[in-house]
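S.K.: Fold the following and give me the result.
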Amino acid sequence: MHALSRLAPEVRQYLLVTSNYWAFTLTDGALRMLVVLHFHSLGYTPLQIAALFLFYEIFGVVTNLLGGYLGARLGLNRTMNIGLGLQVAALLMLTVPAAWLTIPWVMGAQALSGIAKDLNKMSAKSSIKLLVPESQQGTLYQWVAILTGSKNALKGVGFFMGGALLALLGFTGAVLAMAAVLALIWLASLRLLQKDLGKAKAKPKFRDLLSKSLAINLLSAARLFLFGARDVWFVVALPVYLSSVLGWDFWLVGGFLALWVIGYGIVQSFAPAITGKSSGQLPDGRAAFAWAAVLAGVPAAIALGLNSGLSAQWVLLGGLLLFGALFAVNSSLHSYLIVSYAKEDGVSLDVGFYYMSNAAGRLLGTLLSGWVYQAYGLAACLWISSGFVLLAALISIGLPRHRLAV
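M.R.: Residues are numbered from 1 along each chain as shown. Alright, predicted model coming up:
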């Protein structure tokens, strides 16, 4: 604690925001894996499992829009702490006796978790904008990449943690343990996080909720299709396919998806170097188009490989590695662009609007993942994924050019 107090205020707050985001992400990733694997083992169909996340994604759409408004009025410290508290409540809802864990009850708990997740993410991403001077765009890109990449690496750890805790403690014990740890972190955050961070000087009105910036609107549309392309096969179809078709057990499914997301997060952290920051280049609309165009071919190639008679296991392993690396770069440069495009005063309004589109893409992808996989199989999910990424690439053509790094 003494070492923390000696750091520059903006660095100290960055570390606190990042730590909160890390802790939340661990429980979020673990809870998702717990729900998918536990309810699949109880005999739920892929479409029923997807339905369990329906409210999680729907409320994420609403929360990002209204959460940006609340962050600008109340301060980002408050919205972040509200998110942590709601996640504790959502976890505790799932510790009830097994007979109470009906689909409506679990959907309600997931709705609360979805609100919590998007309040926390919106607050963390918006805070970074306020901690870096406007002139230091290279530093902003680096900080956003580190925050985003480390979060996704820890989400991967959360996937593994979810599978491991399910095997070791059972569903109820795993959820209760996570709730207890997160409650302690929430109490520490209430004490340490800076007051009024991100509070707008002029009180925003409801008409300010919808962005009027062409760049932010285009980037938000591209984000919707980008994340729909990931979740249409990754959220439900892939873990169920690995478990039911390839015969992988809980440990193997959770461990593999964990390693994939960890690698994905590591690549995100290095995205500034990959996209040319060291040579003074920052990503712009042209970079967003180019990286998405390359990514669009990967799901299609995996789908062709699955239908070619090659080993499905090795096609998926190789395809996932390539998809993860390219998707990580796409996601990281999108995350930088929204923070860069956003207005500094009331930054959470623009960031919240953007992540509303992100949540809408996840909602679309999650629903399609369960329905399309159940009706047509994994290859169909992959073809839809390829089409979605292509749409994201085409939309990105309209994004503005950017300036050199500092």
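
S.K.: Touching, G29 and A153? I think so.
M.R.: No. Between G29 and A153 there is no contact under Cβ atoms under 8 Å: 10.1 Å. All C-beta atoms are positioned from the backbone trio N, CA, C, and that covers glycine.

S.K.: Have a look at the two and say which one is more surrounded.
M.R.: For the pair G29 and A153, the greater number of neighbours falls to G29 (25 against 22), based on other Cβ atoms under 10 Å.

S.K.: Work out for me the element the more buried one sits within.
M.R.: Using DSSP states H and E, G29 sits in helix 9-41.

S.K.: Which neighbouring elements make contact with that helix?
M.R.: With contacts taken as 3 or more Cβ pairs under 8 Å, 6 or more residues apart in numbering; DSSP states H and E, helix 9-41 sits against helix 2-5, helix 46-52, helix 76-93, helix 103-131, helix 137-192, helix 237-244, helix 250-269.

S.K.: Report the central residue of the chain.
M.R.: With distances taken as Cα atoms, centre = their mean, N152 lies nearest the centre of the chain, 7.3 Å away.

S.K.: The nearest residue to T18 once chain neighbours are set aside: neighbour count?
M.R.: Distances taken as Cβ to Cβ, 6 or more residues apart in numbering place L147 nearest to T18, at 5.7 Å, with adjacent residues excluded. Using other Cβ under 10 Å, L147 is surrounded by 25 other residues.

S.K.: Over to the one 3 residues further on?
M.R.: As a burial measure, S150 scores 18 neighbours (other Cβ under 10 Å).

S.K.: My guess is it contacts S19. True?
M.R.: No. No contact is recorded between S150 and S19 when judged using Cβ under 8 Å, the distance being 10.2 Å.

S.K.: And stretch 146-166, what's buried?
M.R.: Of all the residues in stretch 146-166, those buried under the rule 16 or more other Cβ atoms under 10 Å are 146-166.

S.K.: re the thing from before, can I get the helices and strands packed on helix 9-41 in a markdown table with mean pLDDT and distance to V339?
M.R.: Supplementary listing: the helices and strands packed on helix 9-41 in a markdown table, determined by pLDDT from 0 to 100; distance: least, Cβ to Cβ, whole Å:
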| stretch | mean pLDDT | distance to V339 |
| --- | --- | --- |
| helix 2-5 | 52 | 24 |
| helix 46-52 | 74 | 31 |
| helix 76-93 | 85 | 13 |
| helix 103-131 | 77 | 5 |
| helix 137-192 | 80 | 5 |
| helix 237-244 | 85 | 30 |
| helix 250-269 | 79 | 14 |
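
S.K.: Nearest to P299 among these would be which one?
M.R.: For the helices and strands packed on helix 9-41, distance to P299 was read as Cβ to Cβ. The smallest value, 11.4 Å, belongs to helix 237-244.

S.K.: now that closest one against helix 250-269, angle please.
M.R.: Comparing the axes of helix 237-244 and helix 250-269 via axes from the mean of the first three to the mean of the last three Cα atoms, to 10 degrees yields an angle of 150 degrees.

S.K.: Show me what helix 237-244 is packed up against.
M.R.: When contacts are defined as 3+ Cβ pairs under 8 Å, 6+ apart, helix 237-244 sits against helix 9-41, helix 46-52, helix 250-269, helix 347-376, helix 378-396.

S.K.: So what touches that helix?
M.R.: For helix 237-244, contacts defined as Cβ atoms under 8 Å, 6 or more residues apart in numbering pick out 33, 36-37, 40, 46, 49, 248-250, 252-253, 256-257, 316, 369-370, 372-373, 378, 381.

S.K.: ok so, going back, looking at the helices and strands packed on helix 237-244, which is closest to W186?
M.R.: Closest to W186 of those, according to Cβ to Cβ: helix 9-41, at 8.6 Å.

S.K.: pretty sure L37 contacts A167?
M.R.: No. Applying Cβ under 8 Å as the test, L37 and A167 come out as separate, 9.2 Å apart.

S.K.: ok, those two, which is more surrounded?
M.R.: L37 (24 against 14).

S.K.: Go ahead and report the secondary structure state at the nearest residue to L218 once chain neighbours are set aside.
M.R.: Once flanking residues are discounted, L218 sits nearest to G398: 4.9 Å by Cβ to Cβ, 6+ apart. The local conformation at G398, judged by DSSP: H, G, I helix; E, B strand; the rest coil, is coil.
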